[in-house]
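A.B. asks: fold the following and give me the result.
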Amino acid sequence: MTQLLRARRLLTEQGWLDDHQLRIEEGTITTIEPIPSGVMGRDADLLCPAYIDTHVHGGGGVDVMDEAADSLDKLAMHKAREGVASWLPTTVTAPLQDIHGALQRIAHRYHSGGPGAQVLGSYLEGPYFTPQNKGAHPPELFRELELNELDELIAISRQTLRVVALAPEKPGSLQAIRHLRQQDVRVMLGHSAATWEQTRAAFDAGANGLVHCYNGMTGLHHREPGMVGVGLTDPRAWLELIADGHHVHPAAMTLCCNCAKDRIVLITDAMQAAGMPDGRYTLCGETVDMRGGIVRTASGGLAGSTLSVDAAVRNMVEFTGSTPEDAIHMASLHPARLLGIDHQLGSLKTGKRASIIALDSALHLQQIWIQGRTFPL
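C.D. replies: So this is what the prediction gives:
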């Protein structure tokens, strides 16, 4: 089936095109061209690449660690309603067998498909962290890095494990990073007390970026730049950013933009309370409390977010003065580049998958096409 979508403005990697249309055939963008003169109708104010959420634990009352057969389907549909066409279900620190089960369920969903946003693979957040910046992760379940154990995780995931997060000061971390990169697994650094030198060494070994920059890591100090200092200054570092205004102050978000605009990857780090009313929920097996959309542990620490990707894009424009096109790229093109799938996804370009969103002038979602198929909002 052939579709033709016309827009007042259409966003490409190079910028906006006014009054352009794109043609979709069998889920792929086949042409992008000016709308013929005399054609007045428009399908969208703004046509943009659909968002990619590379780091998400839950939403809509569902958690990635849930064993129910339809949990990932429910979460995929929840994500699609915020403009996400592709995502990485993200595990948490838990008993190893529970992590194995989650990786198996994610692999099954990856291979079988299903409704809503497409699963790109899995993201392992924990258990390879250190206690000093543990966040909501239970430190009694942290584990040491063993290559055989990492290989087992990859095998259990049926080679769909895309990202492993770890603390770079752990013994054996550099060897583990090199080993994972040889298996084409991305490595993100976080929940760590690593120094500037330890973090630099991890990037020299092949690490790809920082887990939710600023949160769960050594901060910036003028005599010890820490993990944040490396992230802001090292051009190899992709920076995950939770742009809800709670996890990171708008001024710190702006600093990220000033230093690393082309390396920011907007994530939600959302947990099961996203899209739900205030109340009690669970994360990492512990009860957490949501008030005013902010989730905290019993000790008062932040415990994941309730952010949506479309809100994160709008927040970047409002809080940092980013242009709409830059903010949209942070949630589409940049995550695709981080994962090495930008030849398929992340921008509107002929030959790429037709994962597309229509936005109004205020960047609110109007419609989403996932591989050329519309999804009801």
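A.B. asks: confidence score at Ala136?
C.D. replies: pLDDT for Ala136: 90.
A.B. asks: one more: Gly285?
C.D. replies: At Gly285, the predicted lDDT confidence score is 80.
A.B. asks: and Gly292, by the same measure?
C.D. replies: 89.
A.B. asks: Gln132: how many residues sit nearby?
C.D. replies: Per other CB atoms under 10 Å, the neighbour tally for Gln132 reads 15. Heads up, the C-betas are built off the backbone N, CA and C, glycines and all.
A.B. asks: an error on my part: the question was meant for Val230.
C.D. replies: Here the count is done by other CB under 10 Å, and Val230 has 28 residues near it.
A.B. asks: now the one 10 residues further on
C.D. replies: Taking other CB under 10 Å as the criterion, the count of residues near Glu240 is 25.
A.B. asks: is it in a helix, a strand, or coil?
C.D. replies: strand (DSSP: H, G, I helix; E, B strand; the rest coil).
A.B. asks: measure it to Ala260 for me?
C.D. replies: Separation of Glu240 from Ala260 (CB to CB, to the nearest Å) stands at 11 Å.
A.B. asks: do Ala243 as well
C.D. replies: Ala243 is 14 Å from Ala260, by CB to CB.
A.B. asks: could you do Gly15 as well?
C.D. replies: Gly15 sits at a distance of 20 Å from Ala260 (criterion: CB to CB).
A.B. asks: who's more crowded, the two?
C.D. replies: Neighbour count, other CB under 10 Å: between Gly15 and Ala260, Ala260 has more, with 19 against 10.
A.B. asks: so what touches the helix or strand where the more buried one lies?
C.D. replies: Remark: Ala260 resides in helix 250-260, with elements defined by DSSP states H and E. Contacting residues not belonging to helix 250-260 are listed as 213-214, 231-233, 237, 239, 241, 243, 248, 264, 316, 319-322, 326 [CB atoms under 8 Å, 6 or more residues apart in numbering].
A.B. asks: which is the next helix or strand following it?
C.D. replies: Reading on from helix 250-260 to the C-terminus, the next helix or strand found by DSSP H and E is strand 264-267.
A.B. asks: what packs against the next helix or strand after that next one?
C.D. replies: Once strand 264-267 ends, the next helix or strand along the chain (criterion: DSSP H and E) is strand 279-283. Here strand 279-283 is seen to pack against strand 286-291 when contacts are counted using 3 or more CB pairs under 8 Å, 6 or more residues apart in numbering; DSSP states H and E.
A.B. asks: give the next helix or strand downstream of the strand it packs on.
C.D. replies: Next helix or strand after strand 286-291 toward the C-terminus (DSSP H and E): strand 294-296.
A.B. asks: buried residues, that following strand. List them.
C.D. replies: By 16 or more other CB atoms under 10 Å, the buried positions in strand 294-296 come out as 294-295.
A.B. asks: list the helices and strands it packs on?
C.D. replies: Short answer (3+ CB pairs under 8 Å, 6+ apart): strand 294-296 packs on strand 286-291.
A.B. asks: part of a strand, is Val248?
C.D. replies: No - checked against three-state DSSP, Val248 lies outside a strand; its state is coil.
A.B. asks: report the contact partners of the nearest residue to it once chain neighbours are set aside.
C.D. replies: Residue nearest to Val248 in three dimensions, not counting chain neighbours: Tyr214, with 5.1 Å by CB to CB, 6 or more residues apart in numbering. Residues in contact with Tyr214 (CB under 8 Å, 6+ apart) are 228, 247-248, 252.
A.B. asks: determine which residue lies closest to the centroid of this structure.
C.D. replies: By CA atoms, centre = their mean, the chain has its centre lying nearest to Thr54, at 2.4 Å.
A.B. asks: confirm that it sits in a strand.
C.D. replies: Yes - counting by three-state DSSP, Thr54 is located in a strand.
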